[in-house]
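Novice: Provide a 3D model corresponding to the input given below.
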Amino acid sequence: MGDVVSRQQLVTVCARLRREGKRIVFTNGCFDLLHLGHVDYLKRAKSLGDVLVVGLNDDASVHRLKGPPRPIMPQADRAAVVAALASVDYTCLFAEDTPLELITAVQPDVLVKGSDWAVDAVVGKELVEGRGGTVKTIEFLPNRSTTGIIAKIRESH
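Specialist: Numbers count the residues shown, from 1 in each chain. Predicted structure coming up:
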């Protein structure tokens, strides 16, 4: 079970983890209406290193990315639920449209995104690889998405 931390707290924690020789994995997303696809994805991301840091889009950035009525769940709830997962060590909100500033602050060894992203298009790729790190994509579980859940709810009501 992880902690929800500020960006400054995360910078301090990651510096300590690097001194301890820990391999830091970073991923990010909205994680609105947490489901099995999210849990599986985060578990597999964690398996790529020692510590998993999750950048979580704040409410305003989710709204900009996904449009109304998203997010369904407020950022404090989403952060607490993601942090409560066994695979997640640290969760940090970010307000920007991309996680580049947070990735720069974390300096991860492994940067992970879902396989819907081409590796060359992953934000932060150059930074992570420039430090000797790696960028990985993870296949999603089929038929598991927040958009699909929302559509199913709308159809049934």
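
Novice: Show me where this protein has its helices.
Specialist: Listed in chain order, the helices of the chain (DSSP state H) span 7-19, 36-46, 59-66, 75-83, 100-106, 125-130, 146-156.

Novice: For residue 90, which of the ones you listed is the nearest?
Specialist: Residue 90 lies closest to helix 7-19 among those, at 6.0 Å (Cβ to Cβ). For every residue, glycine as well, the C-beta is placed using N, CA and C.

Novice: returning to that earlier point: what's the closest of the helices of the chain to residue 26?
Specialist: Checked against Cβ to Cβ, the stretch from the helices of the chain lying closest is helix 100-106, at 5.3 Å.

Novice: measure the residue nearest the centre of the chain to residue 116 for me?
Specialist: Note on the chain: the residue nearest the mean C-alpha position is residue 28, at 2.1 Å, using Cα atoms, centre = their mean. Residue 28 sits 13 Å away from residue 116, taking Cβ to Cβ, to the nearest Å as the criterion.

Novice: Poorly predicted segments of this protein, please.
Specialist: 141, 144-147, 149-150 (pLDDT under 70).

Novice: The same query, at a cut-off of 90, please.
Specialist: The model of the chain has pLDDT under 90 over residues 1, 33, 68-70, 115-117, 139-157.
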